[in-house]
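[1] only the shape, not the letters, is given here:
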């Protein structure tokens, strides 16, 4: 079968021939991969900044945002059958920490986890994949066209779920986790795939969403934000140190820029008792200069929380699938517009190198 692979810590990629996987245990499921998304992590792999091949191998099959159809299920599998659609999660636990041994490999305590298509496990940009049912989330057939968004959406689901849980626990009269976001002013920094999907979650939860990027107001991403009822701010026209003057109280900041200098500057815009979640990750060596005294003073005196969130577990994947159904009903035009570019396996490297400000989510079509 065909697969797209890299040699870790080098540049470039290749379309290779790889052995087709077979079911070898009763709890395993074999999927025919239909499409795979390209994200910032994949681009970091492509440029050689991150990535590890499986032990004993020098190549890594990439791709972790997948969607496929079941072609075979082991005798012990109960949640899906041949013909069903589904997605596999990304991270596999270390096997020796409490978090991983309790189904929360996204919170691995040892750092010895593996990730499909990223760290020590081959990924999904190939024609067939096999894995255990415990890592599979079933996707309804009516979501087949957007099922590939499950993994990136799950990242936002986890980050927002954690932020809300923290606020509900620490703030008097915060209400419940299902109601806290209603009416809250939320800044989404970076309107790439993660940021746009986070904006969908937040708007659907009743938040007042403000999007920040460096794009003209009449381009695709700002216009999609407006269709969600959000407000757009061009970061080229407003200085980060005056954002709080323009915006007033910001209860939550969802960072999805991956630009470290901007990420730290944006803390200045966070309001009293606010919470800030970082999801952007970039490789390389990018020094940042900040006013540490002022930053610490603000965080302490205004009772603010700043934390990072990465990966997601099966629960968040299921939340994402439920929300995709909800978005299809309430924001169909925005949801349909998230996938902007499609490439064949032979064109995959073109998709990785794409520099288009109007692009949101690019995908590689695996199946015919």
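    Ah, there it is. Computed from a predicted model, the values in this text were never measured in an experiment. Numbering: from 1, shown residues only.
[2] can you give me the strands in the stretch 101-250 of the chain?
    According to DSSP state E, counting those that start in this stretch, the stretch 101-250 of the chain carries its strands in the segments 114-116, 120-121, 128-132, 136-139, 185-189, 208-213, 231-234.
[3] residue 305 reaches residue 165, doesn't it?
    No. Using C-beta atoms under 8 Å, residue 305 is not in contact with residue 165; the gap is 11.2 Å. Any C-beta I mention is one placed from the backbone N, CA and C, and that applies to glycine too.
[4] who has more neighbours out of those two?
    residue 305 (16 against 12; other C-beta atoms under 10 Å).
[5] how far away is that one from residue 328?
    To residue 328, residue 305 is 33 Å away according to C-beta to C-beta, to the nearest Å.
[6] where does pLDDT dip in the stretch 251-368 of the chain?
    For the stretch 251-368 of the chain, applying pLDDT under 70 flags the ranges 282-288.
[7] kindly recompute the last result at 80.
    258, 281-290, 368 (pLDDT under 80).
[8] so residue 236 makes contact with residue 216?
    No. Look at residue 236 against residue 216 with C-beta under 8 Å: they stay out of range, at 9.4 Å.
[9] in terms of neighbours, single out the busier of those two.
    Using other C-beta under 10 Å, the more surrounded residue of residue 236 and residue 216 is residue 216, with 13 against 10.
[10] can you check the pLDDT for that one?
    Looking at residue 216, its pLDDT is 95.
[11] who's in contact with it?
    222, 234 (C-beta atoms under 8 Å, 6 or more residues apart in numbering).
[12] what distance do you get for it to residue 235?
    Distance from residue 216 to residue 235, by C-beta to C-beta: 12 Å.
[13] how about the helices in the stretch 51-200 of the chain?
    For the stretch 51-200 of the chain, applying DSSP state H, counting those that start in this stretch gives helices covering 98-101, 150-170, 193-204.
[14] show me what the second one is packed up against.
    Using 3 or more C-beta pairs under 8 Å, 6 or more residues apart in numbering; DSSP states H and E as the contact criterion, the secondary-structure elements in contact with helix 150-170 are strand 65-73, helix 193-204, strand 252-255, strand 275-278, strand 305-308, helix 314-330.
[15] may I see the buried residues of that helix?
    Neighbour counts over helix 150-170 (16 or more other C-beta atoms under 10 Å) mark 150-164, 167 as buried.
[16] which one, of the helices and strands packed on helix 150-170, ends up nearest to residue 363?
    When those are compared by C-beta to C-beta, strand 65-73 sits nearest residue 363, at 8.0 Å.
[17] turn the helices and strands packed on helix 150-170 into TSV, columns for distance to residue 368.
    Output for the helices and strands packed on helix 150-170, formatted as TSV (distance: least, C-beta to C-beta, whole Å):
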stretch	distance to residue 368
strand 65-73	12
helix 193-204	25
strand 252-255	37
strand 275-278	40
strand 305-308	40
helix 314-330	24
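[18] any idea which of the ones you listed gets closest to residue 48?
    Comparing the helices and strands packed on helix 150-170 by C-beta to C-beta, strand 65-73 comes nearest, at 20.2 Å.
[19] next, the angle strand 128-132 makes with the closest one.
    80 degrees (axes from the mean of the first three to the mean of the last three C-alpha atoms, to 10 degrees).
[20] contacts for strand 65-73, please.
    23, 28-39, 80-88, 123-125, 128-129, 133, 139, 144, 147-152, 363, 367.
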